[in-house]
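Trainee: I would like to see how this sequence folds:
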Amino acid sequence: MIDKVVTSGTFSLDGGTWDVDNNVWIVGSASEVLIVDAAHDAAAIVERVGDREVKAIVCTHAHNDHIDAAADLAERTGAPILLHPADQALWEMVYTDLPYTPLEDGQVLSAGGIELTVLHTPGHAPGAVCLYGAGIGAVFTGDTLFNGGPGATGRSFSSFDTIIESIREKLLTLPPETAVCTGHGESTSIGAEAGHLEEWLARGH
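Mentor: Residues are numbered from 1 along each chain as shown. Okay, the predicted model is just below:
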């Protein structure tokens, strides 16, 4: 139902480059799946998918470490790439002519009987989205919410105030037992993070 591949590569923005490990989530059934993020290694992702049909490659945002395998993955699977168009500027840093299908807030994606609702959660990036699966009790947060707090907002195209608003209004309103499946690192839950909002505000980023 929910599977994960960890891929390794680099993230580059504002003149800096960092080594990163990314969580690539595969969500669906024994016959068809959605891939959440296309990070670094299309071959490893395709191997984990196996013979299942890929309905879509859903990008939580367009930082290069989340999309650098998108073209290769789309070619291997024949699946469309989905991205919120507010991340167009970031997308064009990696791809100048690769088309994608625009995501909209409230849109419902489905594969293998699982439905994921798109939540537009800007802050880490203008087009950042989370994908909420009420039926599976999980939300895929990309780099919007981690185990320990909000994603980084100290770089171009990001805003701390905006990410806090997104988390407060779109994520902390979900059931506390909801699993938070993050773009990097260990998973957490809405309930485990909700009590720390004031700490994040005091810390600021």
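Trainee: okay, CA-based contacts and neighbour counts for the rest of this
Mentor: Noted.
Trainee: and the strands in this structure, which stretches?
Mentor: 2-13, 16-28, 32-36, 53-58, 81-83, 101-102, 108-111, 114-120, 129-133, 138-142, 145-146, 149-150, 179-182, 188-189 (DSSP state E).
Trainee: mean neighbour count for those - can I get that in CSV?
Mentor: Compiled in CSV, these are given as follows (neighbours: other C-alpha atoms under 10 Å):
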stretch, mean neighbour count
strand 2-13, 16
strand 16-28, 18
strand 32-36, 25
strand 53-58, 23
strand 81-83, 24
strand 101-102, 13
strand 108-111, 18
strand 114-120, 21
strand 129-133, 27
strand 138-142, 25
strand 145-146, 26
strand 149-150, 20
strand 179-182, 25
strand 188-189, 19
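Trainee: chain center to stretch 115-126: distance?
Mentor: Stretch 115-126 sits 8 Å away from the centroid of its parent chain (C-alpha atoms, centre = their mean, to the nearest Å).
Trainee: state the mean pLDDT of that stretch.
Mentor: The pLDDT scores in stretch 115-126 average 98.
Trainee: what do you get for stretch 159-179?
Mentor: Average pLDDT, stretch 159-179: 98.
Trainee: who touches stretch 112-119?
Mentor: 27-33, 103-110, 129-136, 170 (C-alpha atoms under 8 Å, 6 or more residues apart in numbering).
Trainee: 10 Å - rerun?
Mentor: Outside of stretch 112-119, the residues within contact range by C-alpha atoms under 10 Å, 6 or more residues apart in numbering are 1, 27-34, 52-53, 55, 58, 60, 84, 103-110, 128-136, 138-141, 166, 170-171.
Trainee: low-confidence stretches in this protein?
Mentor: Of all residues in the chain, those with pLDDT under 70 make up the ranges 205.
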